[in-house]
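*Asks:* here you go, sequence then predicted model.
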There are 2 protein chains.
Amino acid sequence: MRRLPPLGSLRAFEAAARLESFKDAAAELGVTPTAISHQVRLLEEELGTPLFIRRTRKVVPTASGLDLAARLGSAFEVMADAVAQARPRPGRRLATLSATLAFSARLLVPRAGRFRTLHPGWDLRLHASDEAVDLIAGEADAAIRYGRGSYPGLVSVPLMSECFAPVCSPRIAPTRLEDLRRANLIHFDWLLARSHNKTPSWSDWAEKAGLAGFDATAGLTFTDENSAIEAAVAGQGVALLSLPLLAPELRSGVLIQPFGPVIEGLGFDFVFPEGAENRPEVATLRDWVLGELGPALVPSATPSAGET
Amino acid sequence: MRRLPPLGSLRAFEAAARLESFKDAAAELGVTPTAISHQVRLLEEELGTPLFIRRTRKVVPTASGLDLAARLGSAFEVMADAVAQARPRPGRRLATLSATLAFSARLLVPRAGRFRTLHPGWDLRLHASDEAVDLIAGEADAAIRYGRGSYPGLVSVPLMSECFAPVCSPRIAPTRLEDLRRANLIHFDWLLARSHNKTPSWSDWAEKAGLAGFDATAGLTFTDENSAIEAAVAGQGVALLSLPLLAPELRSGVLIQPFGPVIEGLGFDFVFPEGAENRPEVATLRDWVLGELGPALVPSATPSAGET
DNA sequence: GCAATGGATGAGATGAATTCATCCATGAGG
DNA sequence: CCTCATGGATGAATTCATCTCATCCATTGC
């Protein structure tokens, strides 16, 4: 548990240190200078160290005080921003969409600009987390889920199907299947991140590819999909990754899919609570997401080089 | 001025959201669950938006609540760290040294490890700021100042003299003085950062080098010395920079000094308040700084390549 | 169906934070 | 050199925000 001095004394101190004046700090906080003086003394006693050198007509922070004030200042800054964000802005509506970290970073963030033009007057909050939020409880208005497409209590609209294939930087591209035996493999620990859904591993893939005696264990392992992607782009090895999520990289050529086979995964669905179909938040998000990522709008899986 | 809800309600809310339970939050903060309930309600009214969906036996944050709680959580984290830092640790002593951003980053931080071995039991605080602190008031125990070496009320011990010369990445090294006419110049806006001391500019240098009709205005300008150094390392051009501060880069060869002349600057001094010579903080810092950076311990200015 | 759990609510108690009245030190102005 | 104005310190009094208490309610597990 966190041990903190009275918060009021921290705020009083921060203002006093920033303004180098109890009087001004008092004005800023709307109290009398006496209050600041008491609060600062309280904090100094609590911490057991002086925070100010008292000089006539002004007050100078000590080394510790200077440091503390700077850090507290940024903490209050963060708080003020957070609170301002949480406070509903009149005339603006907010829609919250939840998705996994990778999906959000890869497919939603790059399209967020379109949301603004599509729905002026609306603000978009992307809640990127690999833990599923409780849509029925209202933790978000809608979400993008990976799975079989049936979620109790939720309506799901299919978006795209997931598929996995080997990808790597063109700089290190193996040209034949056999080359893979000597390649560095990049593993993404799917299981951890996406709960119970089955994970396509390199051994699954080797089996499908008919590669006998393939050592599918060596290499780098990541628990964060974005890191695995970055490693692949950096030429650290060959990764077995989601093709839909890599559309931009495959299109620009920083990653290529040297050969098959492709493993079919489950699907991505746009989901929202039953009975919420007419809520404006849901309609707005649905509009945007289906318009941007609906079926056939994301390049499907076709090998970009090589045989088989 | 920052407008914030009562801080207590923010803390209560953050704990409740993190633990998804008013009861647990109450236990963490050492109050009754009722208190949390009241504080959260207060905050919700103040913000004008619900932060929790109340369900039986637990309480689930809304989308806004989730977001707010995460931000508040990190703000409290920062505060707790700051306070823990400010609280004097028994048996440990703290010495605070102030220096400019660039001096600190270039010459002090890399040598901070030695401080620990030299003075076990002491903690070092480096206060890096381009604004001079008030040593007499006690804002720091000692400082490193750039100037003529005489500071009223302070004792100064000369450390090294400053000098400036053209430096650049070996990849783009001009070999003759004349090449400089076509080179990209990197300017560092000394005046802004180091108060009233005179600034060695490219035109000062051109004059000393006897380059007539030299256009000393083109190029990149930085107000932060470290950025200027980074730009030079990145091969963005030729910079007129401090040689003592670039000792590591010059030694490793990522930067070279293609030719002279060298402009002599003022000096760096280790300074502390008069009468403080026997304070243990001052003695400790003096010991370290003079041992590491005393005269002749930093490579002096010698061209590393090329002619005059 | 009943007890246990966890939260909501309103009134009242408590004590932390603010103010008031006063004092002190310094520096500016005459 | 004296006086005044400024800004902070201090302790007692007071206010008001926060907490607790007593009670109630809804849900869930047995």
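*Replies:* Ah, there it is.
*Asks:* going by C-alpha atoms from here, please, whenever you check contacts or count neighbours.
*Replies:* Fine.
*Asks:* hmm, who's touching stretch A:129-136?
*Replies:* A:98-101, A:139-143, A:153-154, A:193-194, A:272-273 (C-alpha atoms under 8 Å, 6 or more residues apart in numbering or on different chains).
*Asks:* what about the stretch 151-300 of chain A, any weak spots by pLDDT?
*Replies:* Counting by pLDDT under 70, the stretch 151-300 of chain A shows low-confidence ranges at A:173-181, A:183, A:189-199, A:203, A:206-219, A:223, A:295-300.
*Asks:* what of the stretch 1-150 of chain A?
*Replies:* In the predicted model of the stretch 1-150 of chain A, residues A:1-2 satisfy pLDDT under 70.
*Asks:* now do 90
*Replies:* A:1-4, A:48, A:53-60, A:62-64, A:85-96, A:98-150 (pLDDT under 90).
*Asks:* and it, which residues reach DNA strand C?
*Replies:* With the criterion set to C-alpha under 7 Å from any atom of the strand, the stretch 1-150 of chain A comes near DNA strand C through A:6-9, A:30-36, A:38-39, A:55-56.
*Asks:* most neighbours, which of those?
*Replies:* Comparing those by number of neighbours (other C-alpha atoms under 10 Å in any protein chain shown), A:I36 comes first, having 26 neighbours.
*Asks:* the stretch of helix or strand that one belongs to and DNA strand D in contact?
*Replies:* When secondary structure is defined by DSSP states H and E, A:I36 falls within helix A:33-47. Yes. Applying C-alpha under 7 Å from any atom of the strand, one finds helix A:33-47 in contact with DNA strand D at A:P33, A:T34, A:S37, A:H38, A:R41.
*Asks:* now do stretch A:51-71
*Replies:* Yes. When contact is scored as C-alpha under 7 Å from any atom of the strand, part of stretch A:51-71 falls within range of DNA strand D: A:R54, A:R55, A:T56, A:R57, A:K58, A:V59.
*Asks:* and the last one, that's in a helix?
*Replies:* No. The assignment for A:V59 is strand, going by DSSP: H, G, I helix; E, B strand; the rest coil, so no helix is present there.
*Asks:* state the number of residues packed around it.
*Replies:* Under the neighbour criterion other C-alpha under 10 Å, A:V59 is assigned a count of 18.
*Asks:* let me see the contact set for it.
*Replies:* Applying C-alpha under 8 Å, 6+ apart to A:V59 gives the contacts A:E20, A:S21, A:F22, A:F52, A:I53.
*Asks:* swap in the fifth one?
*Replies:* For A:K58, the set of contacting residues under the criterion of C-alpha under 8 Å, 6+ apart consists of A:E20, A:S21.
*Asks:* okay, and the beta partners of it?
*Replies:* When bridges are called by DSSP bridges, A:K58 pairs up with A:R55.
*Asks:* how about the closest residue to DNA strand D within the stretch 101-250 of chain A: what's its closest non-neighbour residue?
*Replies:* For the stretch 101-250 of chain A, the residue closest to DNA strand D is A:A137, as judged by C-alpha to the nearest atom of the strand, at 11.8 Å. Counting by C-alpha to C-alpha, 6 or more residues apart in numbering or on different chains, the nearest residue to A:A137 once its immediate chain neighbours are dropped is B:I53, at 6.4 Å.
*Asks:* look at the one you found and give its secondary structure.
*Replies:* With three-state DSSP as the basis, the three-state label of B:I53 is strand.
*Asks:* A:E28 too?
*Replies:* helix.
*Asks:* quick one: it from B:K23, how far?
*Replies:* Taking C-alpha to C-alpha, to the nearest Å as the measure, A:E28 falls 35 Å from B:K23.
*Asks:* thinking again about what came up before, just flag the most distant two among the residues of stretch A:51-71 next to DNA strand D.
*Replies:* Every pair in the residues of stretch A:51-71 next to DNA strand D was compared (C-alpha to C-alpha); the two farthest apart turn out to be A:R54 and A:R57, at 8.6 Å.
*Asks:* now do the residue of chain A most remote from its centre against B:A137, distance only.
*Replies:* Distance to the chain centre peaks in chain A at A:T56, reaching 50.6 Å (criterion: C-alpha atoms, centre = their mean). As defined by C-alpha to C-alpha, A:T56 lies at a distance of 12 Å from B:A137.
*Asks:* just checking, A:I144 touches A:D269?
*Replies:* Yes. With contact defined as C-alpha atoms under 8 Å, A:I144 counts as touching A:D269 (5.5 Å).
*Asks:* quick one: common contacting residues for those two?
*Replies:* In contact with both A:I144 and A:D269: no residue, using C-alpha under 8 Å, 6+ apart.
*Asks:* check which residues of stretch A:108-126 are buried.
*Replies:* Taking 16 or more other C-alpha atoms under 10 Å in any protein chain shown as the basis for neighbour counts, the residues of stretch A:108-126 that come out buried are A:L108, A:R111, A:A112, A:F115, A:W122, A:L124, A:R125, A:L126.
*Asks:* wait, isn't the last one in contact with A:L101?
*Replies:* No. Taking C-alpha under 8 Å as the definition, A:L126 is not a contact partner of A:L101, at 9.9 Å.
*Asks:* pairing partners for the longest strand along chain A, with directions?
*Replies:* If each strand of chain A is counted by residues according to DSSP state E, the longest one is strand A:154-167. For strand A:154-167, the pairing partners within the sheet under DSSP bridges are strand A:238-242 (antiparallel), strand A:263-273 (antiparallel).
*Asks:* and the buried residues of stretch A:108-126, which is closest to chain B?
*Replies:* Minimum distance to chain B across the buried residues of stretch A:108-126 is 8.6 Å, recorded for A:R125 (C-alpha to the nearest C-alpha).
*Asks:* and the closest residue to the closest one other than its chain neighbours, how far from DNA strand C?
*Replies:* Nearest-residue entry for A:R125: A:T96, 4.6 Å, with adjacent residues in sequence omitted and distances by C-alpha to C-alpha, 6+ apart. From A:T96 over to DNA strand C the distance is 23 Å, taken as C-alpha to the nearest atom of the strand, to the nearest Å.
*Asks:* these two touch, right, A:A234 and A:S169?
*Replies:* Yes. Taking C-alpha under 8 Å as the contact criterion, A:A234 and A:S169 are neighbours in contact, 7.0 Å apart.
*Asks:* between the two, which one's more packed in?
*Replies:* The neighbour count for A:A234 versus A:S169, taken as other C-alpha under 10 Å, is higher for A:S169 (24 against 15).
*Asks:* the more buried one contacts A:G235, doesn't it?
*Replies:* Yes. Counting by C-alpha under 8 Å, a contact exists between A:S169 and A:G235, whose distance comes to 5.2 Å.
*Asks:* do the longest helix along chain A and chain B come into contact?
*Replies:* Ranked by residue count, the top helix of chain A under DSSP state H comes out as helix A:63-86. Yes. With C-alpha under 8 Å from any C-alpha of the partner chain as the measure, helix A:63-86 is seen reaching chain B through A:63-68, A:71-72, A:75-76, A:78-80, A:82-83, A:85-86.
*Asks:* give me the buried entries from those residues.
*Replies:* Neighbour-count burial (16+ other C-alpha under 10 Å) applied to those gives A:63-68, A:71-72, A:75-76, A:78-80, A:82-83, A:86.
*Asks:* how about the helices in chain A?
*Replies:* Taking DSSP H as the test, the helices found in chain A are A:7-19, A:22-29, A:33-47, A:63-86, A:101-103, A:112-118, A:190-193, A:202-209, A:225-233, A:247-252, A:280-293.
*Asks:* can I get the CA coordinates of stretch A:124-144 in PDB?
*Replies:* What follows is stretch A:124-144 as a C-alpha-only set of coordinates in PDB (Å, rounded to 0.1, in the frame of the first residue of the first chain):
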ATOM      1  CA  LEU A 124     -13.400   8.400 -29.800                       C
ATOM      2  CA  ARG A 125     -11.800   6.600 -27.000                       C
ATOM      3  CA  LEU A 126      -9.800   3.500 -27.900                       C
ATOM      4  CA  HIS A 127      -9.400   1.200 -24.900                       C
ATOM      5  CA  ALA A 128      -6.500  -1.000 -25.800                       C
ATOM      6  CA  SER A 129      -6.100  -3.900 -23.500                       C
ATOM      7  CA  ASP A 130      -5.600  -7.600 -23.900                       C
ATOM      8  CA  GLU A 131      -8.000  -8.300 -21.100                       C
ATOM      9  CA  ALA A 132     -11.700  -8.400 -22.200                       C
ATOM     10  CA  VAL A 133     -13.800  -5.600 -20.700                       C
ATOM     11  CA  ASP A 134     -17.300  -6.200 -19.400                       C
ATOM     12  CA  LEU A 135     -19.400  -4.700 -22.200                       C
ATOM     13  CA  ILE A 136     -22.700  -5.500 -20.500                       C
ATOM     14  CA  ALA A 137     -21.600  -3.600 -17.400                       C
ATOM     15  CA  GLY A 138     -20.700  -0.700 -19.600                       C
ATOM     16  CA  GLU A 139     -16.900  -0.600 -19.400                       C
ATOM     17  CA  ALA A 140     -17.000   0.200 -23.100                       C
ATOM     18  CA  ASP A 141     -19.700   0.800 -25.700                       C
ATOM     19  CA  ALA A 142     -18.400  -1.900 -28.100                       C
ATOM     20  CA  ALA A 143     -15.400  -4.100 -28.600                       C
ATOM     21  CA  ILE A 144     -13.500  -6.000 -31.200                       C
END
